[in-house]
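*Asks:* from the sequence below, what's the structure:
(one chain, ligands or ions: 1)
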Amino acid sequence: MNVARAVIVGGGIGGLTTAIALGRLGFGVTVYERASELREVGAGLTLWPNATRILLDLGLDDVVAKGARFKEGILRTPSGGRLATNRVASLEKHFDAPTIAIHRAELHQGLADALPVGTVQLGAECVALTQNEAAVEVSFSNGNRASSDVVIGADGIRSAVRAFLFPDITPRYAGYTGWRGIAPGQAATEIVETWGRGERFGIVPLRDRTYWFATSNRPAGNDRSGEESREELLERFAGWHAPIAELIRSTPASHILQNDIYDLIPFRQWSRGRVVLLGDAAHATTPNLGQGACMAIESAAVLAEELARGGDVREAISAYEKRRMPRTAKITNESWKIGRLGQMENRVACGARNLLMRGVPGALAEKRILDLIAT
Ligand SMILES: Cc1cc2nc3c(=O)[nH]c(=O)nc-3n(C[C@H](O)[C@H](O)[C@H](O)COP(=O)(O)OP(=O)(O)OC[C@H]3O[C@@H](n4cnc5c(N)ncnc54)[C@H](O)[C@@H]3O)c2cc1C
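*Replies:* Numbers count the residues shown, from 1 in each chain. A predicted model of the protein is given here:
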């Protein structure tokens, strides 16, 4: 049976992009989001050309234009020495699209604005799913129900939809926690990531602000208030190159976010019948490659394309899984490995790592990025 109506659970980057892509192809779509208002956390995001290409193809030029463009990322040591330069020129040429850094709220708002009014239903937490040969029914915490030809679970790494389908799949802790903040003013002109021993700090210029992130090895279960986080960060990154201390100091403590870093070990099935997973619910990855949201955007485009072929829903879903699983597994695994490298603690191992990074010619590093991300 063909698909005419789709229900999307979750109004994050993945859910909203899927709604836009399906809407452009003529589907009736409703997004059910558990939050009472649509908003993203106060942090930045890098979007690589594989994702901006899709946003541009969806006519979201205004959203892409809100990002700051960047041409290279520089890897440094805590004293400021350069370990490597990663250029994105080949990748941009391949996709004919820019690499950008954008505030999450701006991206999210831009996606929401591209949907017809009424597409997103707020305060609707998915609490149950039932399906038969002909349709799926979703129940929400507010008592509402929705019946549909297909349900797309885009409800994040701790997906309720995934828990209904595959209760045994649970996130894997990466071994490190992460902080994020937005400082006023543009404190740098390029992206900088600094690798220490078991700790990293990243600086990402947005159009008029600076997004920064930091990581540190430790057991899971960190939940600290902004002020405590700031004090710890100032101590932990004391003596690291400028403007790291200044960025931490100038960020309002209440705006510092801390999240332990998790991903999902790639698994073999993202669907049952008419219910399918997308974005972090299906293929959450550690942030080391800045590709989690990019993968959600790619999956949105591919699922919409397969559903639009007009065949049986299950065949469309199966084609989507076949196209997306190898690609997202590769990114998840590579991102995990980069995390292990970046979070090394042993002094000798870190010395060898840094020597290796310094020895990689720029052209080779650029080709590696191209090989990994180009499709
Ligand atoms: C520290 C960090 C840095 C990152 N940096 C980058 C980066 O630079 N570039 C990049 O591409 N990616 C990055 N990512 C990854 C990126 O944030 C995610 O991959 C992306 O947000 C996933 O989008 P999503 O829509 O699948 O899930 P989410 O953003 O988690 O959205 C899920 C939505 O579903 C809703 N929801 C949950 N449960 C229910 C329910 N039962 N019923 C209804 N609604 C529900 C939630 O409220 C939420 O709105 C980063 C991640 C982290 C943690």
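*Asks:* pLDDT weak spots in the chain?
*Replies:* 1-3 (pLDDT under 70).
*Asks:* what parts of it come near the ligand?
*Replies:* 9-15, 32-35, 45-47, 125-126, 154-156, 160, 178, 180, 259, 279-280, 287, 290-294, 296 (C-beta under 6 Å from any ligand atom). Placement of C-beta: from N, CA and C, glycine included.
*Asks:* now the element after the one helix or strand Phe213 maps to, going C-ward?
*Replies:* Per DSSP states H and E: Phe213 is located in strand 209-217. Downstream of strand 209-217, the first helix or strand assigned by DSSP H and E is helix 226-236.
*Asks:* how far does that next one sit from the chain's center?
*Replies:* Here the centre of helix 226-236 is set off from its chain's centre by 25 Å, with C-alpha atoms, centre = their mean, to the nearest Å.
*Asks:* now tell me what touches the very next helix or strand once past that helix from outside.
*Replies:* Remark: after helix 226-236, the chain's next helix or strand is helix 244-249, criterion DSSP H and E. Helix 244-249 is contacted from outside by 181, 183, 187, 194, 201, 203, 210, 212, 230, 233-234, 237-238, using C-beta atoms under 8 Å, 6 or more residues apart in numbering.
*Asks:* return the set of buried residues in helix 244-249.
*Replies:* The neighbour-count check on helix 244-249 (16 or more other C-beta atoms under 10 Å) flags Ile244, Leu247, Ile248 as buried.
*Asks:* could you dump that helix to PDB, C-alpha only?
*Replies:* C-alpha atoms of helix 244-249 as PDB (Å, rounded to 0.1, in the frame of the first residue of the first chain):
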ATOM      1  CA  ILE A 244      40.300  29.500  26.100                       C
ATOM      2  CA  ALA A 245      40.200  30.900  29.600                       C
ATOM      3  CA  GLU A 246      38.600  34.100  28.300                       C
ATOM      4  CA  LEU A 247      35.900  32.200  26.500                       C
ATOM      5  CA  ILE A 248      35.000  30.200  29.600                       C
ATOM      6  CA  ARG A 249      35.100  33.300  31.800                       C
END
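*Asks:* mind listing the helices for the stretch 251-375 of the chain?
*Replies:* All helices of the stretch 251-375 of the chain, identified by DSSP state H, counting those that start in this stretch, fall at 280-283, 292-307, 313-342, 347-359, 362-373.
*Asks:* quick one, which of these is nearest to Phe164?
*Replies:* helix 280-283 (11.1 Å; C-beta to C-beta).
*Asks:* by contact count, what packs against the closest one?
*Replies:* helix 160-165, helix 292-307, helix 313-342 (3 or more C-beta pairs under 8 Å, 6 or more residues apart in numbering; DSSP states H and E).
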